[in-house]
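A.B. asks: Here is my input; please provide its structure:
(one chain, ligands or ions: 3)
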Amino acid sequence: MQVSCIYDSLDASVSYKLICMDKKKEYKQLLHDVGLKATNSRIYVLNFFDDVKRPVCVKDIDENINCIDNVTIYRIVDIFLQKGIVRAVHVCGDSRFFELAALPHHHHIICKECGMIEDINNCNLKKVIKEIEKGSCKFNSITEHTFELFGICKECK
Ligand SMILES: [Zn+2]
Ligand SMILES: [Zn+2]
Ligand SMILES: [Zn+2]
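C.D. replies: Ligands and ions are numbered 1, 2, ... in the order given. The predicted model follows:
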């Protein structure tokens, strides 16, 4: 299998992350589609977003990708945001966290201690919302919703 570099992990025992060629192709295509040059740095950051499966802040990315400097990571996240590759996850007025914009509708659990956010992948609110819709005097339809849960993560407990 052909692989290309690489980001260092927080955990020193897992020092290298290999990106397989198929994934790399997919990322290149995505970057080209929005008119961005597919630089290695952008590919690594994209791969990180794809891998972590939870909203991350620039600090998280910086801590996990040692071969790219902090300023470059800021710029990459900013251009990804402008191009609609990632979206900001707004939690209680805090918009430091980002996730891939292509992710389907889902909700989050937020740690009250450290601010870590986890994705909740299935939304089971349809039935509840239908009932609220039926019971409403002023609305015919409910078109959108947000739902956030708060707790203490396992690391903080
Ligand atoms: Zn926590
Ligand atoms: Zn999410
Ligand atoms: Zn939902």
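
A.B. asks: got the contact list for the residue nearest the centre of the chain?
C.D. replies: Taking CA atoms, centre = their mean, the centroid of the chain lies closest to Glu99, which sits 2.0 Å from it. The neighbourhood of Glu99, defined by CB atoms under 8 Å, 6 or more residues apart in numbering, consists of 49, 54-56, 86-87, 89, 119. C-betas here are computed from N, CA, C, even on glycine.

A.B. asks: who's it bridged to?
C.D. replies: Taking DSSP bridges as the rule, Glu99 bridges to Arg87.

A.B. asks: so which of the contacts of Glu99 comes closest to Val34?
C.D. replies: Of all the contacts of Glu99, Val34 sits closest to Val86, with 11.2 Å by CB to CB.

A.B. asks: Make sure the closest one is actually in contact with Ser95.
C.D. replies: No. Val86 is not in contact with Ser95 according to CB atoms under 8 Å; the separation is 11.8 Å.

A.B. asks: interface residues of the chain facing ligand 1?
C.D. replies: The chain has residues 111, 113-114, 116, 153, 156 near ligand 1, with proximity defined as CB under 5 Å from the ion.

A.B. asks: all strands for the chain, in order.
C.D. replies: 3-4, 19-20, 86-91, 94-100, 107-111, 117-120, 148-151 (DSSP state E).

A.B. asks: Perfect, I'm done here.
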